[in-house]
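J.: Return a 3D structure for these sequence lines:
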Amino acid sequence: MTGRVFALAGLELALSGLGLALSGLGLLFKVECISTELLHVARGVFSLALIVALALGVMAARARDLARHRAWMIRAYVIGMGSGTVALVMFPIYLTGAPVSGLASDIVVVGWWLVNIALGEWIIRWLAAPVRRQPAIA
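T.: Just a heads-up that it's a prediction; the model follows:
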């Protein structure tokens, strides 16, 4: 049941990200925004990647391939959390009273998204690595 909730919540997140991306590019709604095209395009790409990761994870679960399922769900999680962890970097800057906006801010956001994805891939490989046991000391 938890997995189904995760997949549905992830799909909702991806669709809202696509809505933000399309609105930011002026293709869905007309909105005033301080972000650049870099962030709008990144939101669209990462939203589509989230949908793909969720779909592949669900397909792997239905095929009872739990290792592949776990890998795709980790990917979906880090994509979904990617823009949230940037708050760890940006929040202290906002507290100084000089918020960063525009291209500099968007580069930081996209950069942290990529850091999250790299960390997720590292975790997937670490979990898949065979356990190396120390030889018993006689």
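
J.: Report the helix or strand with the lowest average pLDDT across the protein.
T.: Counting by mean pLDDT, DSSP states H and E, the weakest-scoring helix or strand in the chain turns out to be helix 87-95, with a mean of 79.

J.: Quick check: buried residues in the helix or strand following that one?
T.: Going down the chain from helix 87-95, the next helix or strand is helix 103-128, by DSSP states H and E. Going by neighbour count (16 or more other C-beta atoms under 10 Å), the buried part of helix 103-128 is 105-106, 109-110, 112-113, 116-117, 120, 123-124. Bear in mind the C-beta positions are built from the backbone N, C-alpha and C, glycine included.

J.: What of stretch 3-14?
T.: 6-7, 10-11, 13-14.

J.: contact partners of that stretch?
T.: 47-48, 50-51, 54, 57-58, 61, 73, 76, 80 (C-beta atoms under 8 Å, 6 or more residues apart in numbering).

J.: Now do Phe6 against Val58, distance only.
T.: Distance of Phe6 to Val58, computed by C-beta to C-beta, to the nearest Å: 10 Å.

J.: returning to what we had before: quick one: buried ones out of the contacts of stretch 3-14?
T.: 47, 50-51, 54, 57-58, 61, 73, 76, 80.

J.: With adjacent residues omitted, what lies nearest to Met73?
T.: Once flanking residues are discounted, Met73 sits nearest to Gly57: 4.5 Å by C-beta to C-beta, 6 or more residues apart in numbering.

J.: Residue ranges in this protein under the pLDDT threshold?
T.: Within the chain, the ranges that satisfy pLDDT under 70 run 24-34, 99, 132-136, 138.

J.: related to what we said a few turns ago, counting only helices, which of the buried ones among the contacts of stretch 3-14 make the cut?
T.: 47, 50-51, 54, 57-58, 61, 73, 76, 80 (DSSP state H).
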